[in-house]
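Asks: Got a predicted model here, sequence first, then my questions.
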2 protein chains.
Amino acid sequence: MTEEQTVPPQKLRRKATVHDVARLAGVSIATVSRSLNKPETVRPGLRKRVDMAAAELGYYTNSIGKALRNQRSRLIGTIIPKLFDPLFSLVASGVQEALVEYDYLGIIQVAGYDNRDLMKHALPMIEKGAEGLIIFGQVQDKVLLDYCRQRDIPLLSIYSFAEDAPVPCIGFDNYQATTELLNLMIQLGHVEIAMISGRQPGNDRQQARVSSYIATMERLRCEPVIEEVDHEFGIQDGAAAFRRIIKRRPEITAVICNRDAHAFSVMTECRRLGLTLPHDMSIAGFDDLAYSSFLDPPLTSVSVSGYEIGRRSGIAMLRHLEEGMPLRSIRLETRIVVRGSTVRPNLNRPLLD
Amino acid sequence: MTEEQTVPPQKLRRKATVHDVARLAGVSIATVSRSLNKPETVRPGLRKRVDMAAAELGYYTNSIGKALRNQRSRLIGTIIPKLFDPLFSLVASGVQEALVEYDYLGIIQVAGYDNRDLMKHALPMIEKGAEGLIIFGQVQDKVLLDYCRQRDIPLLSIYSFAEDAPVPCIGFDNYQATTELLNLMIQLGHVEIAMISGRQPGNDRQQARVSSYIATMERLRCEPVIEEVDHEFGIQDGAAAFRRIIKRRPEITAVICNRDAHAFSVMTECRRLGLTLPHDMSIAGFDDLAYSSFLDPPLTSVSVSGYEIGRRSGIAMLRHLEEGMPLRSIRLETRIVVRGSTVRPNLNRPLLD
DNA sequence: CTGAAAGCGCTAACAT
DNA sequence: ATGTTAGCGCTTTCAG
């Protein structure tokens, strides 16, 4: 388009391309490309000229051109319910770090807690060329499933493990973890146990935990007491749910919060109601967030290493893409961290209501 | 890998392109492109044929081809110190949501708390075609600055506001906010005030807060007591820093934590040392995280709406890119939320050490 | 209103 | 070992 560049170093306003480097180095664009990507296939002398020209022009590869040519974007999409959340951000963090190591880049989409319409959030990432999708929770959107299957876009479901999942998943068994947590309570002598759960539609984690709870309660011949909270709004909802629980069933001696965050305000609320913690109310949470051990009393919780889940998933996806390793489900173990918030029930507790 | 693909519509394994749509609709690729992007320039009849063909083939635009042609990626890069953090993830969340509204996609890079070598984290995003960069904190990397200036890549610095910043910034004045927080303490009667700070190199937020603190202490003719903690590791470091403070200066009656998270374990530690809160030790934090009001006592903190900062920054960047609106610095206000953790000093407090 | 053709930046045959 | 060239998917002149 323009003529010869007279001035020697000639910083260009436009970004430098292989053509610019080639011209400056006095070679062809193919050599530039080779020299940059497979240096060993180019004679050292030329290689040096190319490197110098590239440096002088401040050349860096244009990933878009490369992506178009290679049909590889080096972009991985991650879908999480929410970015601003201790657990999800930890998971996302693990994914991102794995990607960076492999020179991939992550794009994150926030989809809320209901996985039934994932397609809406996945499509923009697929359009942008995401080579694989890492999805928090089970994939409950048939459209997305079909779409990705047809287009050969690998899908990895993370955090929740399910035996019969439609896509490989790396995570743990929410049902079993909940059962274990309940068994702990039962061993301590609790029978009147309540659960504070999140909304279930489209959310396999809550579904699994709730059905585990209901099954256990039936075994105990005890009426389940479940109060749902809206995920989107945080901590204080635990307190409100707890008040509803107490109203429904004042005999409750233990509460399982499906998110640690709720335990936070449940504790505050207990004190406001004149209960002494932990003796008058045992409380347990889920996910074992960083601050949970600093609550007063320190919170018993199901520890799931979000970072580890994210990291392993990222690596699995990349090795699948790069080395053709099949994506396989991995069932991770959870561990119940027993802290001071769960003790035997106080049978002489002042009556609530 | 599987068998039957008998069905007429001829689903292609390969993703459908404009060519496929054009063929099926019996028009040229130019018409397909026009019909999809500027429907009003195409005769309704053809438009309909194109739409149907596109739907049948499951066509969606390939952003990479589009980006290469348009020299616009619709990708914005965000650099934050850490993803797994209540504040940063809130900021990132605000950015992401703004981007999604404008049909952009965000890529996030995690750069740690030291902004002196940002280039390393910015380059991968620039290569991927990021059209603009939103950076948490002041940009303290000359290389990046020059680079982006030369290449016309817009830079926006967020969270911290600085009068003389090299790039536009949307944020608040950390120096002033700290001074206000200190004035609150002073009004309550505190003189022996300590600060728990993060590492300062490359971190303008900590630098501003520390120098504000030092200036105020000098005004009070009081020796500053600052204990640094390593950002990377969280909550429990507050406790350790507090112990060091008490050892250095047992007369301390108030502590300012530059991160709310540290206040968390400072409280725990105070109780362990036999102090009654809030009377024996006033504690204040920074950022007013969601859980801060649920601490016991509820934490006084500098409230900075991370989400708002992120969102406004995202919008500003997009309007700059789309509508050519100049990026301008915005100084946001902070508000000190006074809660129960800050009270007048107890002069009869049991001596510590 | 529609189509043909060029070209964004890159890499990989293929030819030398 | 190096150069020439085609083409990834898209949009946009420019003709018709």
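Replies: Arrived safely.
Asks: for chain A, what spans make up the helices?
Replies: A:18-25, A:29-37, A:44-57, A:63-70, A:86-101, A:119-127, A:142-151, A:174-188, A:204-219, A:236-248, A:260-272, A:306-323 (DSSP state H).
Asks: What distance do you get for the residue nearest in space to the middle of chain A to residue B:231?
Replies: Of all residues in chain A, the one closest to the mean position by Cα atoms, centre = their mean is residue A:91, 3.8 Å from it. Distance, residue A:91 to residue B:231, using Cβ to Cβ, to the nearest Å: 20 Å. Placement of C-beta: from N, CA and C, glycine included.
Asks: Same question for residue A:314.
Replies: As judged by Cβ to Cβ, residue A:314 and residue B:231 stand 23 Å apart.
Asks: okay, the two: which has more neighbours?
Replies: In this comparison of residue A:314 against residue B:231, neighbours counted by other Cβ atoms under 10 Å in any protein chain shown, the higher total goes to residue A:314 at 30 against 21.
Asks: Pretty sure that one sits against residue A:97.
Replies: Yes. Counting by Cβ atoms under 8 Å, residue A:97 is a contact partner of residue A:314 at 7.3 Å.
Asks: what residues are up against the closest residue to DNA strand C within the stretch 251-353 of chain A?
Replies: Relative to DNA strand C, the nearest point of the stretch 251-353 of chain A is residue A:322 (13.7 Å; Cβ to the nearest atom of the strand). Contacts for residue A:322 (Cβ atoms under 8 Å, 6 or more residues apart in numbering or on different chains) come out as residue A:102.
Asks: Quick one: name the residues of chain A near DNA strand D.
Replies: Counting by Cβ under 7 Å from any atom of the strand, chain A comes close to DNA strand D at A:26-31, A:34, A:41-43, A:45-46, A:68-69, A:71.
Asks: Return the distance of stretch A:289-301 from the chain's centre.
Replies: Centroid separation for stretch A:289-301 versus its chain: 21 Å, with Cα atoms, centre = their mean, to the nearest Å.
Asks: what about it, start to end distance?
Replies: Start-to-end span of stretch A:289-301 (Cα to Cα, to the nearest Å) is 9 Å.
Asks: what about it, near chain B?
Replies: Yes. Residues of stretch A:289-301 contacting chain B under Cβ under 8 Å from any Cβ of the partner chain: A:290-291, A:294, A:296.
Asks: Type out the ChimeraX command that picks the buried ones from those residues.
Replies: A single ChimeraX command is used to select the members of the residues of stretch A:289-301 next to chain B judged buried by 16 or more other Cβ atoms under 10 Å in any protein chain shown:
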select /A:290,291,294,296
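Asks: okay if I get the residues of stretch A:289-301 next to chain B as a markdown table plus pLDDT and distance to DNA strand C?
Replies: A markdown table is the format used below for those (pLDDT from 0 to 100; distance: Cβ to the nearest atom of the strand, whole Å):
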| residue | pLDDT | distance to DNA strand C |
| --- | --- | --- |
| A:290 | 88 | 42 |
| A:291 | 88 | 46 |
| A:294 | 87 | 50 |
| A:296 | 87 | 57 |
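Asks: how about the residues of the stretch 101-250 of chain A that lie near chain B?
Replies: Close to chain B, as judged by Cβ under 8 Å from any Cβ, the stretch 101-250 of chain A has residues A:103, A:105-110, A:123-129, A:147, A:150-152, A:234-236.
Asks: let's see 10 Å
Replies: A:103-110, A:121, A:123-130, A:146-147, A:149-153, A:233-236, A:238-239 (Cβ under 10 Å from any Cβ of the partner chain).
Asks: Make a PyMOL selection of the buried ones in those.
Replies: To isolate in PyMOL the members of those that are buried, counting by 16+ other Cβ under 10 Å, one can use:
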select buried, chain A and resi 104+105+106+107+108+109+110+121+123+124+125+126+127+128+129+130+147+151+153+234+235+236+238+239
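Asks: got the residues of chain A near DNA strand C?
Replies: A:1, A:14-15, A:17-19, A:29-30, A:32-34, A:36-37, A:61-62, A:64-66, A:68-70.
Asks: out of the residues you listed, who's near chain B?
Replies: Within those, those near chain B by Cβ under 10 Å from any Cβ are A:14-15, A:61-62, A:64-66, A:68-69.
Asks: Pull the most distant pair out of these.
Replies: Across those, the longest distance by Cβ to Cβ is 19.9 Å; it joins A:14 and A:69.
Asks: Now do the domain split for chain A, please.
Replies: Chain A resolves into domains spanning A:4-61, A:73-172+A:306-333, A:174-304 when parsed by automatic domain parsing.
Asks: if we can go back for a sec, among the residues of stretch A:289-301 next to chain B, find me the one that's closest to residue B:81.
Replies: Scanning the residues of stretch A:289-301 next to chain B for proximity to residue B:81, where the rule is Cβ to Cβ, the winner is residue A:290, at 16.1 Å.
Asks: Pull the residues that contact stretch A:23-38.
Replies: A:4-5, A:8-10, A:16-22, A:40-43, A:46-54, A:56-57, A:59-61, A:66, A:69 (Cβ atoms under 10 Å, 6 or more residues apart in numbering or on different chains).
Asks: First-to-last residue distance for that stretch?
Replies: 20 Å.
Asks: Mind listing what's buried along it?
Replies: A:23-25, A:27, A:31-36.
Asks: any idea of the mean pLDDT in it?
Replies: Across stretch A:23-38, pLDDT averages out at 95.
Asks: how far is that stretch from where the chain is centred?
Replies: Distance, centroid of stretch A:23-38 to centroid of chain: 41 Å (Cα atoms, centre = their mean).
Asks: And for stretch A:333-350?
Replies: Taking mean C-alpha positions (Cα atoms, centre = their mean), stretch A:333-350 and its chain are 28 Å apart.
Asks: For residue A:337, give the beta-bridge partners.
Replies: In this entry, residue A:337 is beta-bridged to residue A:301, by DSSP bridges.
Asks: That one reaches residue A:289, doesn't it?
Replies: No. Counting by Cβ atoms under 10 Å, residue A:337 does not reach residue A:289; the two are 11.1 Å apart.
Asks: farthest pair in the residues of chain A next to DNA strand D?
Replies: Farthest pair in the residues of chain A next to DNA strand D, by Cβ to Cβ: A:45 and A:71, 33.1 Å.
Asks: ok, those two, which is more surrounded?
Replies: Taking other Cβ under 10 Å, residue A:45 and residue A:71 do not tie; residue A:71 has more neighbours (12 against 8).
Asks: Show the pLDDT at the more buried one.
Replies: For residue A:71, the predicted pLDDT is 93.
Asks: how far away is it from residue B:176?
Replies: 52 Å.
Asks: again with residue A:190
Replies: Counting by Cβ to Cβ, the gap from residue A:190 to residue B:176 is 52 Å.
Asks: do the same with residue A:285
Replies: Looking at residue A:285 against residue B:176, where the rule is Cβ to Cβ, the gap reads 38 Å.
Asks: Of those two, give the one with the bigger neighbour count.
Replies: Set residue A:285 next to residue B:176 and count neighbours by other Cβ under 10 Å: residue A:285 wins out with 29 against 15.
Asks: Show me what from the stretch 251-353 of chain A comes close to chain B.
Replies: A:261, A:264-265, A:267-269, A:271, A:289-296, A:298, A:306-307, A:310.
Asks: switch the cut-off to 6 Å
Replies: By Cβ under 6 Å from any Cβ of the partner chain, the residues of the stretch 251-353 of chain A that approach chain B are A:264-265, A:268, A:290-291, A:294.
Asks: As a markdown table, those with distance to residue B:168 would be great.
Replies: What follows is those, written out as a markdown table (distance: Cβ to Cβ, whole Å):
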| residue | distance to residue B:168 |
| --- | --- |
| A:264 | 38 |
| A:265 | 39 |
| A:268 | 41 |
| A:290 | 34 |
| A:291 | 35 |
| A:294 | 38 |
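Asks: Pull the most distant pair out of these.
Replies: A:268 and A:290 (18.8 Å).
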